[in-house]
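S.K.: Next comes the sequence, and after it the predicted model I'd like to discuss.
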Amino acid sequence: MKPTFAIVDCNNFYASCERLFRPELKNMPLVVLSNNDGCVVARSQEVKDLGIKMAVPVFKILDKVKRHKIEVFSSNYRLYGDISARVMQTLEQFSPHVEVYSIDEAFLDLSGIAALNDYGQKIRSTVLQHVGVPVCVGIAPTKTLAKLANYAAKKFKATRGVVDLRETERQKRLLKITPVSEIWGVGRKYTLSLQRLGINTALDLAQMNTREIKRLYSVVLERTVCELNGESCIDLEKTSPKKQQIVCSRSFGEKLTHYAGVRTAVCEFAARATEKLRGQNRLALMVNVFLRTSPFDKTGPNYANNATGKLICPSSDTRIIMALVARLFDMIWQEGYRYAKAGVMLGDFCSPDQVQFDLFDRQPDQQQNDRLMQAVDSINQSGRGKIWFGGQRPQQDWFMKQANLSPAYTTRWSSIPEVK
DNA sequence: TCTGGGGTCCTAGGACCC
DNA sequence: TCTGGGGTCCTAGGACCC
């Protein structure tokens, strides 16, 4: 039997989250900014209609913000993460298999369900009622076509937010009027290259010879072509795959020039990354540190570098990983630059029960270390205070700019809204 | 003045093996 | 004159996603 996929995608997700607790902002223009209040990462419909593009630096649109009284928010990932979890939980009642694809999207297996258009409408109204976030639903025999159906559900108001794209004729009509750049898996580079070959619409791409596409591009794009033709190549991920790397990096609120400041930052990243690692119950063998100046900074020379090191045996101990991070940092640190960003990456993971201990490395009591790290994590997550290691200093000068942060409405007792 | 953060997968090429 | 073939593993870099 042919599978049926649905993708449920929240409309203007971050903007919708901010609106949930500020209902007076309904129908008002609103944007959410990236970390450091740098770029626009989410826009309400009103802002999209003003022609403000995704990812534009906010300093370029300040005049529009003023003129149209656009409400500006710093990103509040605690809030968005919590609202996202509620949406996903609501979706579970509609399918035995829900794959959370991103913070605001999920694929559902709807194979064997009849009256799919009504079913899609039911999903929309339920999520709206239970969580308050508007969503659109795209339904099709492949994931790529489902994404396309979702695009149409968002774009064309007459669809009332649900498009069932199981019929081949309907697929063709939609493919014909969709620019190839809108297809899932076709990014900026591929779009340019395809256009040079005269492939402008999604239908042009769907009609290409798959072998030719594989030769010219990759097996990934070949799969996309098959999927556009109704042949399902990308399955639903029924269990969330284990992470293969963990990155913690930030742009600095202001440029840093001193050794101590940047070193503190990378030690902080090491602590955060290791915390995430323990959250996944994994150990890391590979550690990478990188730093760079801003490519936009014309006031001085640019510099970017990174260094990779391997631990003798896999670990999730903040003290061990932070020590290596500090050593790697010293290898790439150069005096005399205005640093804009740095980060720590962990990789080469294994489970705690697969560890091969080094014959010559004197293992201190492993259980004791684990208990120490558990204690650190539980204190830091309790909200009652923080403890940290030597290299770190909490909330230093490099810390993010967040001038317009909304309250933690759903995750902090003191910030829960009151009804009077 | 001011430009995000965190991921995945694939490929090409070099080192190395027999 | 004629100078193998096939495989693995690793890394860097490039494409994509949200």
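M.R.: Thanks, I have it.

S.K.: what's across from the residue of the stretch 1-150 of chain A found nearest DNA strand C in the sheet?
M.R.: Taking C-beta to the nearest atom of the strand as the measure, the point where the stretch 1-150 of chain A comes nearest DNA strand C is residue A:102, at 3.5 Å. For every residue, glycine as well, the C-beta is placed using N, CA and C. Assessed by DSSP bridges, residue A:102 has beta-bridge partners residue A:105.

S.K.: Alpha carbons only: can I get the helix or strand hosting residue A:273 in CSV?
M.R.: Taking DSSP states H and E as the definition, residue A:273 sits inside helix A:259-279. C-alpha atoms of helix A:259-279 as CSV (Å, rounded to 0.1, in the frame of the first residue of the first chain):
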residue,chain,number,x,y,z
TYR,A,259,42.7,36.6,25.7
ALA,A,260,40.9,36.3,29.1
GLY,A,261,37.5,37.3,27.7
VAL,A,262,37.5,34.9,24.8
ARG,A,263,38.9,32.1,26.9
THR,A,264,36.2,32.5,29.4
ALA,A,265,33.6,32.3,26.6
VAL,A,266,35.0,29.0,25.1
CYS,A,267,35.1,27.5,28.6
GLU,A,268,31.5,28.4,29.1
PHE,A,269,30.7,26.8,25.7
ALA,A,270,32.5,23.7,26.8
ALA,A,271,30.4,23.5,29.9
ARG,A,272,27.1,24.0,28.0
ALA,A,273,28.1,21.5,25.3
THR,A,274,29.1,18.9,27.9
GLU,A,275,25.8,19.5,29.7
LYS,A,276,23.9,18.7,26.5
LEU,A,277,26.1,15.6,26.1
ARG,A,278,25.2,14.3,29.5
GLY,A,279,21.5,15.1,28.7
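
S.K.: Name every strand pairing with whatever helix or strand comes next after that helix and say which way it goes.
M.R.: Note on helix A:259-279: by DSSP H and E, the next helix or strand toward the C-terminus is strand A:283-293. Strand pairing for strand A:283-293, determined by DSSP bridges: strand A:304-315 (antiparallel), strand A:339-350 (antiparallel).

S.K.: thinking residue A:283 is in contact with residue A:320, fair?
M.R.: No. Contact status for residue A:283 versus residue A:320: not in contact, 10.3 Å apart, counting by C-beta atoms under 8 Å.

S.K.: Show the pLDDT at the nearest residue to residue A:181 once chain neighbours are set aside.
M.R.: Distance criterion C-beta to C-beta, 6 or more residues apart in numbering; nearest residue to residue A:181, sequence neighbours excluded, is residue A:191 at 4.2 Å. Listed pLDDT for residue A:191 reads 96.

S.K.: Next, count neighbours for residue A:191.
M.R.: Neighbours of residue A:191 under the rule other C-beta atoms under 10 Å: 17.

S.K.: That one looks like it's in a helix, true?
M.R.: Yes. The assignment for residue A:191 (DSSP: H, G, I helix; E, B strand; the rest coil) places it in a helix.

S.K.: quick one: secondary structure of residue A:47?
M.R.: Per three-state DSSP, residue A:47 ends up helix.

S.K.: and the stretch 251-400 of chain A, which residues reach DNA strand B?
M.R.: For the stretch 251-400 of chain A, the residues found near DNA strand B under the criterion C-beta under 7 Å from any atom of the strand are A:251, A:255, A:276, A:294, A:296-297, A:340-341, A:343, A:400.

S.K.: Pull the residues that contact stretch A:191-210.
M.R.: Identification of contacts with stretch A:191-210 by C-beta atoms under 8 Å, 6 or more residues apart in numbering yields A:148, A:172, A:174-183, A:186, A:217, A:222, A:224-226, A:228-229.

S.K.: and DNA strand C, which of these contact it?
M.R.: Answer for the contacts of stretch A:191-210 near DNA strand C (C-beta under 7 Å from any atom of the strand): A:183, A:186.

S.K.: Filter the contacts of stretch A:191-210 down to the ones in helices?
M.R.: A:148, A:172, A:174-177, A:222, A:224-226, A:228 (DSSP state H).

S.K.: Now list the buried members of those.
M.R.: Buried members of these, scored by 16 or more other C-beta atoms under 10 Å, are A:148, A:174-175, A:222, A:224-226, A:228.

S.K.: Whichever residue of the stretch 101-250 of chain A sits closest to DNA strand C: neighbour count?
M.R.: Closest residue of the stretch 101-250 of chain A to DNA strand C, C-beta to the nearest atom of the strand: residue A:187 (2.4 Å). A total of 10 residues lie near residue A:187 under the criterion other C-beta under 10 Å.

S.K.: residues touching it, list them.
M.R.: Residue A:187 touches nothing, counting by C-beta under 8 Å, 6+ apart.

S.K.: What helices and strands are in contact with the helix holding residue A:273?
M.R.: strand A:245-256, strand A:283-293, helix A:318-332, strand A:339-350, helix A:366-381 (3 or more C-beta pairs under 8 Å, 6 or more residues apart in numbering; DSSP states H and E).

S.K.: Determine the set of other helices and strands touching the first one.
M.R.: Pointing back at strand A:245-256 there. So strand A:245-256, by 3+ C-beta pairs under 8 Å, 6+ apart, packs with helix A:259-279, strand A:283-293, strand A:339-350.

S.K.: In the longest one, which residues are buried?
M.R.: The reference is to helix A:259-279. A:261-275, A:277-278.

S.K.: With the shortest one instead?
M.R.: Going by neighbour count (16+ other C-beta under 10 Å), the buried part of strand A:283-293 is A:283-285, A:287-293.

S.K.: Dump the residues of the stretch 251-400 of chain A next to DNA strand B into CSV; add pLDDT as well.
M.R.: Formatted as CSV, those follow (pLDDT from 0 to 100):
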residue, pLDDT
A:251, 92
A:255, 91
A:276, 94
A:294, 91
A:296, 86
A:297, 84
A:340, 93
A:341, 93
A:343, 95
A:400, 70
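
S.K.: Would you show me how to pick out the buried ones of these in ChimeraX?
M.R.: Here is the ChimeraX command that selects the buried residues among these (16+ other C-beta under 10 Å):
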select /A:251,255,294,340,341,343,400
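
S.K.: what's the closest of the residues of the stretch 251-400 of chain A next to DNA strand B to residue A:373?
M.R.: residue A:276 (12.5 Å; C-beta to C-beta).

S.K.: What distance do you get for that closest one to residue A:345?
M.R.: 11 Å (C-beta to C-beta, to the nearest Å).

S.K.: Now do the contacts for the residue nearest to residue A:278 when sequence neighbours are not counted.
M.R.: Excluding its sequence neighbours, the residue lying closest to residue A:278 (C-beta to C-beta, 6+ apart) is residue A:316, at 4.9 Å. Neighbour list for residue A:316: A:274, A:277-278, A:282-284, A:352, A:373 [criterion: C-beta under 8 Å, 6+ apart].
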